[in-house]
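> Predicted model, plus sequence, below.
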Amino acid sequence: MEDNKRKIKITKNWPYLVTGNIPLAKEIIIWDFQENPIKWEKWDSYPKEETYALCRCGNSKNKPYCDWSHVKTEFNGTETASKEKYLEQAWKIEWDWIYLTDVPDFCSAARFCHRAGWTWNLTKNSSDPKSKEIAIEEACNCPSWRLVMWDEKTWKPIEKEFEPQTSIIEDSTLWVSWPIWVKGGIPIEWENWEKYETRNRVTLCRCGHSQNKPYCDWSHIDVEFNDWDKNIN
């Protein structure tokens with residue numbers, strides 16, 4: 001299917017409508033001995049479909065897919081996130097030919113930023129090659145694009161190259177289900193057909209409780225959202 005048909009449509013108080021034959025996978029985090037996230041690992045894949053609807057109210061009995069529970073629960077999916085571009089919302093730490101931008105409102109609590117003394121401190125110590133390497137690695141593993149590392153020589157973001165994909169991610173240490181991870185620059189449309197800024201990676205709320213819809217704000221932790229869905233091949 002052509003790239004211009006690949007998108008995620010946010011339907012009013014209804015599910016995310018994913019079109020364009022976008023793969024859907026399950027991914028988990030690999031942790032170190034101190035329970036710090038160190039990398040992502042693909043766990044399994046869902047059946048490939050040209051179009052599918054993903055639950056965003058958090059009440060489906062067929063997660064991650066929609067089963068019309070939003071109608072019974074009268075789900076309010078009103079979008080509250082800023083329509084400003086990422087850099088218009090970000091604050092910056094600059095040091096030794098790299099700089100880190102941060103938009104806290106996008107945080108989904110993946111916690112990759114915790115390892116080795118926090119990404120922000122590592123950026124300030126980036127004259128040390130190992131600190132710089134870990135800081136870049138942590139920023140690139142942030143699923144929500146809260147943290148982005150930039151190369152000041154080229155003024156381009158330091159990013160992993162993702163194929164377009166949606167992923168269901170889980171937290172095996174807090175025992176809660178995480179948001180939908182959208183990768184590879186998939187366009188996301190508002191209810192009124194306009195588009196949010198297209199980004200390499202974002203996380204969309206699927207517990208229904210985010211105050212920054214459609215994006216995750218880690219409310220899934222507060223409400224102990226847990227489905228551990230079984231719809232895997």
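Thanks, I have the structure now.
> residue closest to the middle of the chain?
In the chain, the centroid-proximal residue (CA atoms, centre = their mean) is Thr203; its distance is 2.3 Å.
> just checking, what packs against the helix or strand hosting it?
Using DSSP states H and E, Thr203 sits in strand 201-204. Counting contacts by 3 or more CB pairs under 8 Å, 6 or more residues apart in numbering; DSSP states H and E, strand 201-204 is packed against strand 176-183. Glycine gets a C-beta too; all of them are placed from N, C-alpha and C.
> and the residue nearest to Glu35 when sequence neighbours are not counted, what element?
Distances taken as CB to CB, 6 or more residues apart in numbering place Thr173 nearest to Glu35, at 5.7 Å, with adjacent residues excluded. Per DSSP H and E, Thr173 falls between elements, in no helix or strand.
> related to what we said a few turns ago, so what's the gap between the strand holding Thr203 and the chain middle?
Its chain's average C-alpha position is 3 Å from that of strand 201-204, according to CA atoms, centre = their mean, to the nearest Å.
> next SSE after it?
helix 219-222.
> could I have that next one exported to CSV, CA atoms only?
The C-alpha coordinates for helix 219-222 follow below in CSV (Å, rounded to 0.1, in the frame of the first residue of the first chain):
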residue,chain,number,x,y,z
SER,A,219,-1.5,7.2,33.8
HIS,A,220,-1.4,3.5,33.2
ILE,A,221,0.8,3.2,36.3
ASP,A,222,-1.5,5.2,38.5
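> on that earlier part again, was I right to think the residue nearest to Glu35 contacts Asp32?
No - judged on CB atoms under 8 Å, Thr173 makes no contact with Asp32 at a distance of 11.5 Å.
> Next, the residues that contact the biggest helix by length in the chain from outside, please.
Using DSSP state H, we find that the single longest helix of the chain is helix 129-141. Helix 129-141 is contacted from outside by 37, 39-40, 96, 98, 100, 110, 112-113, 115-116, 119, 122-123, 125-126, 147-149, 158-160, using CB atoms under 8 Å, 6 or more residues apart in numbering.
> partners of the helix or strand just after that helix in the sheet?
Following helix 129-141 in sequence order, the next helix or strand is strand 147-151 (DSSP H and E). Next to strand 147-151 in the sheet, as set by DSSP bridges, lie strand 98-102 (antiparallel), strand 156-158 (antiparallel).
> tilt between the longest one and helix 129-141?
Taking axes from the mean of the first three to the mean of the last three CA atoms, to 10 degrees, strand 98-102 and helix 129-141 form an angle of 40 degrees between their directions.
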